[in-house]
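Asker: With the input below, show me the fold.
(chains A, B, C and D)
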2 protein chains.
Amino acid sequence: MIPFETTVLKRGPLSPLIVKLGLYGQLSDHDVDTIGDLRYTAIDYQRNQRITTLSVIPPCVYVMVSGLACLSVLASDGRRQITRFLLPGDFCNVFDAEPIGSIEGIDILAPTRMAAVPAGVFHQLGASPTMNDVLMALVTNATAAARKTIGSLGLGNARGRIAFLLYEFAQTMVVRGLIGAPTDPLPLRQDHIADATGLTNVHVNRMIAQLRRDRILSGNGKVLEIADMTGLRSIAGIKW
Amino acid sequence: MIPFETTVLKRGPLSPLIVKLGLYGQLSDHDVDTIGDLRYTAIDYQRNQRITTLSVIPPCVYVMVSGLACLSVLASDGRRQITRFLLPGDFCNVFDAEPIGSIEGIDILAPTRMAAVPAGVFHQLGASPTMNDVLMALVTNATAAARKTIGSLGLGNARGRIAFLLYEFAQTMVVRGLIGAPTDPLPLRQDHIADATGLTNVHVNRMIAQLRRDRILSGNGKVLEIADMTGLRSIAGIKW
DNA sequence: CGTGTCGTTGAGGCCTGTCAACCTACGTGG
DNA sequence: CCACGTAGGTTGACAGGCCTCAACGACACG
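Answerer: Numbering: from 1, shown residues only, chains lettered A, B, ... in the order given. Next up, the predicted model:
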């Protein structure tokens, strides 16, 4: 029997986008084909690049194809706060991840490829009622996810914040078909976790060591794996 | 000369909604009239009520008409994190403020009136292309605002977090026409600020006293006023 | 083998939380 | 008119979680 992923992956590099959109509504075969066949310009970015303005001449919608990036806000003193991670299939300059005016930028956390799709094409696609509903649900969901993060930052101590971040990140990766199981290695460095939780890398290191001793996390050194999703969720300390 | 507000206020109780929508696109006279004339059921809520499910039989869109409320997430131990404030004109159960499944609720912070508009009517309104764009911009903006809050919580210390919150709150109140100037008294108690910034009410009290000594805030006791918006913004510590 | 990246560990200090008491303003009822 | 209760704000003493600074280790790569 051919696994489900195979049929999706046959759609090509934009299949992560199809998977993502499919989470928010039933896509018609026509929509799936249209997206799968979209013409786009591939653009590659290197690690540690910060992008404040994506080229929009001609007007383009950027979709991440592979890699890892994030949106972040900077403090006056240069520190960085990651406000959301960007995964393959995520929009990078519109809809749920439209950077805030001049204060938010895109940081590339691992070698990343983006697909620049002419905005006109995409706007046309969004004209269909079902696709419009899907996009609206997408953005609404992003708002809700951001508010959950606000909850975690406000309510949790260091241990709780880290637990929440890892739980949500792994959950998202699985749902989006980017890893097979939540116990697979996560592509996060301790610095990323620090910048996303508002903690220092030193303290993140200590907390991760503690979570490993508690058998909530596994892996050594640079390999970060979740051992106990249920435990992680309860440590996050939110009343779900 | 008749001030602008007068013409808007003539639209009746739903004028805050018209003002809000107008921030995200040019509304046609027809749209304004339609919204101003919407039939709705008024529902009043008392302070300290927590609403986990708004009645949706029949399906309704809830719009706040007057008062003050917030969305909040609870910790396992019962503490509350305010994830966003709800002001007159805000949707309360759809679009930019759709509560997250079972984990988020609406807390009434001051006597509040909501307008329950039949969902069908509203869905019909959103069918027009321009209004659809307005709604999409609304939700996108809410996502961006939430991410800005994440930035403040992650980057700022107590002083910075409070400064950010008050700056954004006052700014929003002014833009929405709910107060005349950012130096007008704000309808926030110190407890609200504590729950929105993830601090304790005791520490919020000390920080507010400090900001008053620094002439950034004014007012005594229960009266909270901003004296210096520019100073507040720079204290927030975000690279704008 | 030098260099850079990322993780790890220790010592010390500050920011913020916790606990507790008290104060003012205001409304209610005898 | 006063006793009382409640809501919200204010202040002090103390503890602890997290930050800062610093050094070192493991590993990849040219």
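Asker: Name the helix or strand for residue A:20, please.
Answerer: Residue A:20 is located in helix A:15-22, with elements delineated by DSSP states H and E.
Asker: Against which helices or strands is that helix packed?
Answerer: In this structure, helix A:15-22 packs against helix A:4-9, helix A:29-36, strand A:60-74, helix A:129-155, with contacts taken as 3 or more CB pairs under 8 Å, 6 or more residues apart in numbering or on different chains; DSSP states H and E. Quick note: C-beta positions are derived from backbone N, CA and C, even for glycine.
Asker: what are the bridge partners for residue A:218, then?
Answerer: Partner residues in beta bridges with residue A:218, using DSSP bridges, are residue A:225.
Asker: typo on my end, residue A:41
Answerer: residue A:116.
Asker: if we can go back for a sec, so which of the helices and strands packed on helix A:15-22 comes closest to DNA strand C?
Answerer: For those, distance to DNA strand C was read as CB to the nearest atom of the strand. The smallest value, 9.1 Å, belongs to helix A:129-155.
Asker: So which elements touch the following helix or strand past that closest one?
Answerer: On the C-terminal side of helix A:129-155, the nearest following helix or strand under DSSP H and E is helix A:158-175. Judged by 3+ CB pairs under 8 Å, 6+ apart, the packing partners of helix A:158-175 are helix A:129-155, helix A:190-197, helix A:201-213, strand A:225-226, helix A:229-236.
Asker: Helix A:158-175 versus helix A:15-22: what angle between them?
Answerer: 100 degrees (axes from the mean of the first three to the mean of the last three CA atoms, to 10 degrees).
Asker: Tell me, what's the model's pLDDT at the residue nearest to residue A:88 when sequence neighbours are not counted?
Answerer: Once flanking residues are discounted, residue A:88 sits nearest to residue A:16: 3.9 Å by CB to CB, 6 or more residues apart in numbering or on different chains. Taken from the predicted model, the pLDDT recorded for residue A:16 is 96.
Asker: and if you look at residue A:5?
Answerer: pLDDT, the model's per-residue confidence, is 44 for residue A:5.
Asker: gap between residue A:29 and residue A:129?
Answerer: Note on residue A:29: its distance to residue A:129, by CB to CB, to the nearest Å, is 16 Å.
Asker: swap that for residue A:182, please
Answerer: 35 Å.
Asker: Same check on residue A:235?
Answerer: 42 Å.
Asker: So if I had to pick from those two, which one is more boxed in?
Answerer: With neighbours defined as other CB atoms under 10 Å in any protein chain shown, residue A:235 and residue A:129 compare such that residue A:235 has more, 22 against 10.
Asker: How about that one, nearest residue that isn't a chain neighbour?
Answerer: When the adjacent residues along the chain are set aside, residue A:235 lies closest to residue A:163, with 3.9 Å between them (CB to CB, 6+ apart).
Asker: ok, that neighbour - contacts?
Answerer: Contacts here follow CB atoms under 8 Å, 6 or more residues apart in numbering or on different chains; on that basis residue A:163 touches A:156, A:211, A:216, A:232, A:233, A:235, A:236, A:237.
Asker: Then residue A:119?
Answerer: When the contact criterion is CB under 8 Å, 6+ apart, the partners of residue A:119 are A:56, A:58, A:59, A:60, A:61, A:94.
Asker: Among those residues, show me the least confident.
Answerer: Per-residue pLDDT puts residue A:56 lowest of the contacts of residue A:119, at 74.
Asker: returning to that earlier point: count the neighbours of the residue nearest to residue A:88 for me.
Answerer: Going by other CB under 10 Å, the residues that sit close to residue A:16 add up to 23.
Asker: Could you do residue A:156 as well?
Answerer: With other CB under 10 Å as criterion, residue A:156 counts 22.
Asker: cool, and residue A:12?
Answerer: 13.
Asker: Let me know the pLDDT of the nearest residue to it once chain neighbours are set aside.
Answerer: Nearest residue to residue A:12 in three dimensions, chain neighbours excluded: residue A:36, at 5.6 Å (CB to CB, 6+ apart). Turning to residue A:36, the model gives it a pLDDT of 92.
Asker: got it, and the one 5 residues further on?
Answerer: According to the per-residue confidence, residue A:41 scores 93 in pLDDT.
Asker: again, but for residue A:100
Answerer: Per-residue pLDDT puts residue A:100 at 87.
Asker: who's in contact with it?
Answerer: Contacts were defined as CB under 8 Å, 6+ apart; by that measure residue A:100 touches A:73, B:144, B:147, B:148.
Asker: do stretch A:65-75 and DNA strand C meet?
Answerer: No - between stretch A:65-75 and DNA strand C, judged by CB under 7 Å from any atom of the strand, nothing touches; the nearest distance is 11.4 Å.
Asker: And stretch A:95-115, by the same measure?
Answerer: No - applying CB under 7 Å from any atom of the strand, one finds stretch A:95-115 separated from DNA strand C by no less than 8.6 Å.
Asker: Since that was my last question, I'll sign off now.
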